[in-house]
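A.B. asks: build me a structure from this.
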Amino acid sequence: MIENRELTMDDYLAMLRRRAKWILIPALLAPLAGWLISYAFPAKYTSQSLVLVEGQKVPEGMVQPVVTADLTARIATLQQQVLSQSRLQPMLERVYGKSSQNLDEQVDGIRLNMTVEPVVTDLAQFGTTGKKKPGQSSPMPGFYINYTASSPREAQQICNELTSLLLEENLKSREDVARGTTNFLSKGLEDAKRNLDDLESKLANFKKQYVGQLPGQEENNLKILMGLNSQLESNTQTLNRAQQDKSYTESMLAQQLAAWRSAQSSNNPQTLEKQLSDLQSQLLQLQARYTEDHPDVIKTKADIAEVKKKLAEINSASAQAGETVNDKASASEPPEIRQLRLQVHQYGDLIMQATRDQKRLQQEIGVYQGRVALSPAVEEQYKGLARDYDNAQKNYQDLLADKSKSDMALKMEQQQQGEQMHLLNPANMPDAPSFPNRLLFAGGGLGAGLALGLGIAVWLESRDDSIRTEADAEAVLDLPMLVSIPWVGDGAATGSNGVGGFWNRKKQPDEKNTINV
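C.D. replies: From the prediction side, this is the model:
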């Protein structure tokens, strides 16, 4: 290859024409080699079953499904559960009987040869590339179960077994989830009910302990307190006024009694005796001065007789009445004095009643003042208890609703009305091996042959320094071209690397009919 010059498209085409046999020979032989090499690998057969995922028959607005995980994630979980050794061992005993092969090796082989592929076209729903059957235009929620084995019968049998295990595991896991959810909610509901009862009891005891001091009653307590203060003030005024009226009435009674008693003093025994004694002394004096017929003596004797008569009547009345003298004396009092005594008694009763009311009002005021003073602390405690009770009640109601939904979901799963996996296509009997793919091997050989041929062509061109064109001559000699001589005949010429002679070969199709000088 001539260096220090730019190659054109014509140059590349010329190279391909010159090296065509080096490219075509490996390209033709390599696919045949790849086809033959594919027979060196043991054949593997893949059986496939199709499982359809059918949504629940009850509307989700009425009963929420118990399993909400993504379908792809659930299928992966089911696959891991099915591929556990405890689930595969009974299946292997049914398929292979008592095989001499190690159980762990058989389990590992099944895990390696089993694949699950979702059948979807909506990548946003399942998050992976799905497979769609020919002619299918809408997504079909489901998945393929593939198993590869050394014989078609073995592949079909194990694929059927794995499919059955996966369907059984799905039913069992869904029912277990529903039952576990129901049991969990039942225990939570019992705890919530017990907590609610405790808080309800505490709240009732608190209301009994602080009756009249609960939130919302402070304003009523203030109103009652204001009313009691008004009643106490009115009672105090009434008491003061009654005390004043009593004092005034007592003073009036004293004055009336003094006047009445002074008027009744002449009928008093002591007064009469004193009067009798004075009249007797006066009679003695008069008798010493006058005779018995003197008018003054006669009058004095008449007065003495009158006084004695009154005194005798009084003494007789006192002896008959005995202890009732004072009552009669009182009954003989004038109506004005009796009225004043009645008023004094009424004022006394009024003062006693007002005093009792005053003490009662003061006690009630003290009670309501204590309630008002404790209202903020009681309100804070009450709000805390009420908030806990409301939260517990809401939690209980929520758990009760969830428990009801869970019971319905469990019943739906037990009656198989929820999401179900149905076997749409059982495992098929493979007609041709899935590995090795002979066409793929041949295609790989074709690609490798083309790469090898191109590599050989490039290597040969890189080592070829022949001068074939005017551009090659100018690039090698680094001189401008002066004249171009046309090609003359098919005879021999000078050396192939010379300039100014004949070419020692036939004219090539890509060369001009000239010789460069």
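
A.B. asks: what's the neighbour count on Asp398?
C.D. replies: 13 (other CB atoms under 10 Å). Yep, even glycine has a C-beta here, placed from its N, CA and C like the rest.

A.B. asks: let me know the distance separating it from Leu189.
C.D. replies: To Leu189, Asp398 is 10 Å away according to CB to CB, to the nearest Å.

A.B. asks: then Asn220?
C.D. replies: Asn220 is 39 Å from Leu189, by CB to CB.

A.B. asks: likewise Ala377?
C.D. replies: 35 Å.

A.B. asks: so between Asn220 and Leu189, which is more surrounded?
C.D. replies: Remark: of Asn220 and Leu189, Leu189 carries more neighbours, 17 against 12, as counted by other CB under 10 Å.

A.B. asks: who touches that one in this structure?
C.D. replies: Listed by CB atoms under 8 Å, 6 or more residues apart in numbering, the contact set of Leu189 reads 396, 399-400, 403.

A.B. asks: quick one: pLDDT of it?
C.D. replies: With respect to pLDDT, Leu189 scores 89.

A.B. asks: cool, Arg356 as well?
C.D. replies: pLDDT, read off for Arg356, is 91.

A.B. asks: next one: Lys193
C.D. replies: For Lys193, the predicted pLDDT is 90.

A.B. asks: residues touching it, list them.
C.D. replies: Counting by CB under 8 Å, 6+ apart, Lys193 touches Tyr396.

A.B. asks: measure it to Ser404 for me?
C.D. replies: 15 Å.

A.B. asks: now do the top strand by length along the chain: which elements does it pack against?
C.D. replies: The longest strand of the chain (DSSP state E) is strand 45-54. If contacts are counted by 3 or more CB pairs under 8 Å, 6 or more residues apart in numbering; DSSP states H and E, strand 45-54 sits against strand 142-149, helix 152-209, strand 420-425.

A.B. asks: run the angle between the second one and strand 45-54 for me.
C.D. replies: For helix 152-209 against strand 45-54, the angle by axes from the mean of the first three to the mean of the last three CA atoms, to 10 degrees is 30 degrees.

A.B. asks: and the next element down the chain from helix 152-209?
C.D. replies: helix 218-263 (DSSP states H and E).

A.B. asks: hey, where'd the helices end up in the stretch 251-400 of the chain?
C.D. replies: Per DSSP state H, counting those that start in this stretch, the stretch 251-400 of the chain carries helices over the ranges 269-289, 295-321, 325-331, 335-414.

A.B. asks: so which of those helices gets nearest Gly55?
C.D. replies: helix 335-414 (12.2 Å; CB to CB).

A.B. asks: now do that closest one: distance to the chain's middle.
C.D. replies: 35 Å (CA atoms, centre = their mean, to the nearest Å).

A.B. asks: ok, stretch 202-218 next?
C.D. replies: That offset, for stretch 202-218, works out to 30 Å (CA atoms, centre = their mean).

A.B. asks: in that stretch, which residues are buried?
C.D. replies: 206, 210, 213-214, 217-218 (16 or more other CB atoms under 10 Å).

A.B. asks: quickly note the distance from the residue of the chain positioned farthest from its centre to Lys301.
C.D. replies: No residue in the chain sits farther from the centre than Thr291, which is 134.7 Å out by CA atoms, centre = their mean. Applying CB to CB, the value for Thr291 to Lys301 is 12 Å.

A.B. asks: with Ile224 instead?
C.D. replies: Taking CB to CB, one finds Ile224 at 82 Å from Lys301.

A.B. asks: now do Lys172
C.D. replies: 146 Å.

A.B. asks: neighbour-wise, which of those two wins?
C.D. replies: Legend: neighbour count by other CB under 10 Å for Lys172 and Lys301, higher for Lys301 (16 against 11).

A.B. asks: what sits against the nearest residue to that one once chain neighbours are set aside?
C.D. replies: Once flanking residues are discounted, Lys301 sits nearest to Leu283: 6.3 Å by CB to CB, 6 or more residues apart in numbering. Contacts for Leu283 (CB under 8 Å, 6+ apart) come out as 297, 300-301, 304.

A.B. asks: how does it look with 10 Å?
C.D. replies: 296-297, 299-301, 303-304 (CB atoms under 10 Å, 6 or more residues apart in numbering).

A.B. asks: now a PyMOL select for only the buried ones of those residues.
C.D. replies: Burial among the contacts of Leu283 is assessed by 16+ other CB under 10 Å; the matching PyMOL selection reads:
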select buried, resi 297+300+301+303+304
